[in-house]
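J.: What shape does this take:
(2 chains)
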Amino acid sequence: MANVPGELRYTKEHEWAKLDGDKARVGITAFAQEQLGDVVFVELPKVGAKVTAMKTFGVVESVKAVSDLFAPLSGEVVEINAELPKKPEVVNADPYGDGWMIVIKLSNAREWEGLMPAGDYEKLIAEAGH
Amino acid sequence: MTDNPVPLKRTPLRDVHAAAGAKMVPFGGWDMPVQYTGIIEEHRCVRSAVGLFDISHMGEFEVRGPGALAAIQTITTNDASTLAVGQVQYSLLCYPEGGIVDDLTLYRLADQHFMLTVNASNIDKDWAWVTGHGKGADWKNVSAERGLLAVQGPRAEALVQRLADRDVTRVPYYHFAQGAVAGVQCLISRTGYTGEDGFELYAPAARLETLWHALMEAGKGDGIRPIGLGARDTLRLEMKFALYGNDIDETTNPLEAGLGWVVKPAKGEFIGRKAIEAMRAAGVTRRLVGFEMTERAVARHGYRLLKDGAPVGVVTSGSFSPSLERCIGMGYVRADLAPVGTELDVDIRGRAHRARVAKTPFVPSHAKKI
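T.: Below you'll find the predicted structure:
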């Protein structure tokens, strides 16, 4: 079973978010990177871009497939992981650490409560993985 | 995820793959391993050592009798009369209009006895086609009773030799021998879909698991790994080998696909000959080329190819090349844009990304040409 850290919140599209004051760090889950396989390309928004909860903010490409990235929360992108275009494979190696994607300055902190806690996300992937 | 009302077909090794931790996916109606540990790692294993593939989903038809050669000559584009017993030939089935029914390998098992290996997703269509048009011969669909493994990579020859009851090193490229490997009676074919040296081993479905485990065990010291369809795809793409349903289909003709070398009008009448000859005389309007992305972006099947913003073709295959560590692809472009070095763009999600027509194969072939 894929690793699902308890302190994070999750989307049904397999992104995670980590709250830090009025900001949230975002990436894709261990389950997502396993399903994608070898990640070879990550397309991220620019710093300053506005993102909306459950709208796409970027794209991740594996050898086999292309997948949209969905913003867990609305706000402004204040930081992006500039290493990812050069080293996309860290998304596979360390999805919750060095494989993070963007930091969002939240425009609506109440959206956090709408994200899935770890237990719910574990149930979701247990069903998806059969 | 889409619902699949028809149950997926399984190769004799389906449970072996699942137990080995393979990620299983539907492919052409079959439940197949797409990867075991990772596509890039598996790809590199085949290029540097040896990999084992279960490709039992492929279909096999046999045809025999005094009319067998004539039937083959009618339905295929290549000249089967030049094929010696023990030899293999790449060939095509074409429609009267010149489109491609399927691509295949043809084996001459005996003077009046041939085997055709066809694509898994086309088995039913091809069976109807060959039996409908290849009259006067005795056809048998042996797909279900026959398993097929591919052993590919620089260490494949030595590995198969250690388990074989005969000298397989003397089997030339696109030839085969009948013999036992690990005690399992096989058709040992020096062919493949990777650009590496190696063999494809046809064996009875009931003995396939024995053969698989024997090769995995004997290949341990060589670094053998099981290889999924994901790496099979990136390996063939680096060689610019066409994949039916992606790069060739009923709407593409052999000439524009670069397969004119397997169309032999001099052999006499065959289905599609007239149409293909007319196309040859008129000249093709588009060509299947290989291209490499000059920026990091992945072109995928169906994306548009552009020149100065205008559509000039379509991507048929595209991926990351583990050997080159660049994104590569294949696609049809207007014939005047086919020369190597031509600058193109690929429309990826509404943005033009630069690409260049590349020399192919993208990496040198190591298939043993002896």
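
J.: give the contact list for residue 96.
T.: No chain specified, so I'll use chain A. Residue A:96 makes contact with A:3, A:5, A:8, A:16, A:27, A:29-30, according to CB atoms under 8 Å, 6 or more residues apart in numbering or on different chains. C-beta coordinates here come from the backbone N, C-alpha and C atoms, glycine included.

J.: actually it's chain B I care about, not the one you picked
T.: Contacts of residue B:96 (CB under 8 Å, 6+ apart): B:271-272, B:274-275.

J.: Enumerate the residues of chain A near chain B.
T.: A:37-38, A:40-41, A:43, A:59, A:61-64, A:66, A:85, A:92 (CB under 8 Å from any CB of the partner chain).

J.: Narrow those residues to just the buried residues.
T.: A:37-38, A:40-41, A:43, A:59, A:61-64, A:92 (16 or more other CB atoms under 10 Å in any protein chain shown).

J.: Which residues are in contact with residue 23?
T.: Reading this off chain A. Here residue A:23 is in contact with A:78, A:103-106 (CB under 8 Å, 6+ apart).

J.: Let me rephrase: I mean chain B.
T.: Going by CB under 8 Å, 6+ apart, residue B:23 touches A:37, B:33-36, B:228.

J.: what do you get for residue B:36?
T.: Per CB under 8 Å, 6+ apart, neighbours of residue B:36: B:17, B:20-23, B:42, B:225-228.

J.: Just give me the residue right at the centre of the chain.
T.: Since you didn't name a chain, this refers to chain A. The centroid of chain A falls nearest to residue A:27 when counting by CA atoms, centre = their mean (2.6 Å).

J.: To clarify, I was referring to chain B.
T.: residue B:193 (5.1 Å).

J.: show me where pLDDT drops low in chain A?
T.: A:1, A:129-130 (pLDDT under 70).

J.: Can you tell me the element the closest residue to chain B within it falls in?
T.: Here the residue of chain A nearest chain B is residue A:40; by CB to the nearest CB that distance is 4.0 Å. For residue A:40, the host element (DSSP states H and E) is strand A:39-43.

J.: Which neighbouring elements make contact with that strand?
T.: strand A:56-62, helix A:90-93 (3 or more CB pairs under 8 Å, 6 or more residues apart in numbering or on different chains; DSSP states H and E).

J.: what angle do it and strand A:56-62 make?
T.: 160 degrees (axes from the mean of the first three to the mean of the last three CA atoms, to 10 degrees).

J.: Given strand A:39-43, what are its sheet partners and their directions?
T.: Strands that pair with strand A:39-43, judged by DSSP bridges, come out as strand A:56-62 (antiparallel).

J.: how about the residue in the stretch 201-350 of chain B positioned nearest to chain A, secondary structure?
T.: Per CB to the nearest CB, residue B:320 is where the stretch 201-350 of chain B lies closest to chain A, at 4.0 Å. What DSSP: H, G, I helix; E, B strand; the rest coil gives for residue B:320 is strand.

J.: That one contacts residue B:327, correct?
T.: Yes. The pair residue B:320 and residue B:327 passes the contact test of CB atoms under 8 Å, sitting 5.4 Å apart.

J.: now the contacts of residue B:36 in JSON lines, with secondary structure and pLDDT?
T.: As requested, the contacts of residue B:36 are arranged in JSON lines below (DSSP: H, G, I helix; E, B strand; the rest coil; pLDDT from 0 to 100):
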{"residue": "B:17", "secondary structure": "helix", "pLDDT": "98"}
{"residue": "B:20", "secondary structure": "coil", "pLDDT": "94"}
{"residue": "B:21", "secondary structure": "coil", "pLDDT": "94"}
{"residue": "B:22", "secondary structure": "coil", "pLDDT": "96"}
{"residue": "B:23", "secondary structure": "strand", "pLDDT": "93"}
{"residue": "B:42", "secondary structure": "helix", "pLDDT": "98"}
{"residue": "B:225", "secondary structure": "strand", "pLDDT": "98"}
{"residue": "B:226", "secondary structure": "strand", "pLDDT": "98"}
{"residue": "B:227", "secondary structure": "coil", "pLDDT": "98"}
{"residue": "B:228", "secondary structure": "coil", "pLDDT": "97"}
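
J.: Among those residues, the buried ones, what's the PyMOL command?
T.: The buried subset of the contacts of residue B:36, as determined by 16+ other CB under 10 Å, is captured in PyMOL by this line:
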select buried, chain B and resi 17+22+23+42+225+226+227+228
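
J.: Between the contacts of residue B:36, which sits nearest residue A:53?
T.: residue B:23 (30.2 Å; CB to CB).

J.: partners of that closest one in the sheet?
T.: residue B:35.

J.: residues making contact with stretch B:113-123?
T.: Contacts of stretch B:113-123 (CB under 8 Å, 6+ apart): B:27-30, B:57-64, B:68-69, B:72, B:80, B:101-109, B:126, B:130, B:141-143, B:148, B:187, B:244-245.

J.: Give me the buried stretch members for it, please.
T.: B:113-123.

J.: Quick one: end-to-end distance for it.
T.: 20 Å (CA to CA, to the nearest Å).

J.: do stretch B:196-212 as well
T.: Across stretch B:196-212, first to last residue, CA to CA, it's 19 Å.

J.: tell me the mean pLDDT for that stretch?
T.: Stretch B:196-212 shows a mean pLDDT of 98.

J.: Tell me the buried residues in that stretch?
T.: In stretch B:196-212, counting by 16+ other CB under 10 Å, buried: B:196-205, B:207-209, B:211-212.

J.: Narrow those to those in strands?
T.: The members of the buried residues of stretch B:196-212 that map onto strands under DSSP state E are B:198-204.

J.: Output those in JSON lines; the columns should cover distance to residue A:99.
T.: Compiled in JSON lines, those are given as follows (distance: CB to CB, whole Å):
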{"residue": "B:198", "distance to residue A:99": "36"}
{"residue": "B:199", "distance to residue A:99": "40"}
{"residue": "B:200", "distance to residue A:99": "39"}
{"residue": "B:201", "distance to residue A:99": "40"}
{"residue": "B:202", "distance to residue A:99": "43"}
{"residue": "B:203", "distance to residue A:99": "43"}
{"residue": "B:204", "distance to residue A:99": "46"}
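
J.: with those in mind, which one is nearest to residue B:136?
T.: Once CB to CB is applied, the member of those that ends up nearest residue B:136 is residue B:202, at 25.8 Å.

J.: Counting neighbours, what do you get for residue A:128?
T.: Neighbourhood size, residue A:128 [other CB atoms under 10 Å in any protein chain shown]: 12.

J.: Let me see the contact set for it.
T.: Contacts of residue A:128 (CB under 8 Å, 6+ apart): residue A:31.
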